[in-house]
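# can't give you the sequence, but here's the structure:
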């Protein structure tokens, strides 16, 4: 019984981590129509920024995470403005551009830090034990921060004028432009928010897992599966799918092993997509 509850808690914490990284991915697609292959690169940059600030400059972990989040957001804003904005209507071009940016990021990180994982550990150790559960403090802290960040994104997207404008651009770009909403003002900020979320996830999660130049590849693959399962462009669908994936991954990995767990996850995704090809909360067709 304790194992079941503990695994469920771990699955929920995984769900919040996956949701945070996937929200940014699906936000960019839903608003801009861009499949951002550099998203995993911003994840590892968030981790390396936090590592450098905390280990090389001696900053406490919390300020390092906040500054890493801000840095990845600013970098995302600059990259969108310089490289992505002029090609945003050409989906193939943006895929190639973001893929190239990801390669530049990983190559640059490898040149600076080397190909081996760096020694980046979460500053708090130990576990919370109780009747029927056992969960590390690090997971609980990351869960709380990710949940707060997800709540902040929901408030921004659904409760503010800026969020209403973003959703208007996602629903019908030409009509939104006719109402005076300017893509040149909306797109860079949306890209910055998405990349900041990726950087925040990297700064929080890599100390518990591993920080190396190739860490972003698995994250990008997981985010891609989640946003497809949730429905491309649906923020709520991405969150729902992230929790499903987190719970399935936790339970199958514990009771069937890592390789069989991954197989079970993909089988589940395929079965769901057979019933709902548009994803859990996606629309049947998306306007170009």
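Arrived safely. All values derive from a computational prediction rather than experimental measurement.

# what's the first helix or strand after the host helix or strand of residue 193?
If you go by DSSP states H and E, residue 193 is part of helix 183-205. With elements assigned by DSSP H and E, the helix or strand that comes after helix 183-205 is helix 215-230.

# so how far is that next one off the chain centroid?
Computed by CA atoms, centre = their mean, to the nearest Å, the chain-centroid distance of helix 215-230 equals 8 Å.

# same question, stretch 237-254
That offset, for stretch 237-254, works out to 14 Å (CA atoms, centre = their mean).

# pLDDT on that stretch, on average?
For stretch 237-254, the mean pLDDT works out to 87.

# same question, stretch 177-185
On average, the pLDDT along stretch 177-185 is 78.

# residues of that stretch that come out buried?
Neighbour-count burial for stretch 177-185, counted by 16 or more other CB atoms under 10 Å, picks out 181, 183. Any C-beta I mention is one placed from the backbone N, CA and C, and that applies to glycine too.

# about what we covered before: relative to helix 215-230, how tilted is the helix holding residue 193?
Going by axes from the mean of the first three to the mean of the last three CA atoms, to 10 degrees, helix 183-205 is angled at 120 degrees with respect to helix 215-230.

# from the contact counts, what lies against helix 183-205?
Packing partners of helix 183-205 (3 or more CB pairs under 8 Å, 6 or more residues apart in numbering; DSSP states H and E): helix 2-32, helix 39-51, helix 61-79, helix 137-159, helix 161-171, helix 215-230.

# how about the ones you listed, which one is nearest residue 186?
With respect to residue 186, and counting by CB to CB, the nearest of these is helix 161-171 at 5.7 Å.

# roughly how far out does that closest one sit from the chain middle?
Relative to the chain's own centre, helix 161-171 is displaced by 20 Å; criterion: CA atoms, centre = their mean.

# what's in contact with the helix or strand that residue 248 is a member of?
Using DSSP H and E, residue 248 sits within helix 235-256. Helix 235-256 is contacted by residues 3, 7-8, 10-19, 22-23, 25-27, 30, 150, 153-154, 157, 222, 225-227, 229-231, 260-262, 264-265, 268, 279-282 when judged by CB atoms under 8 Å, 6 or more residues apart in numbering.
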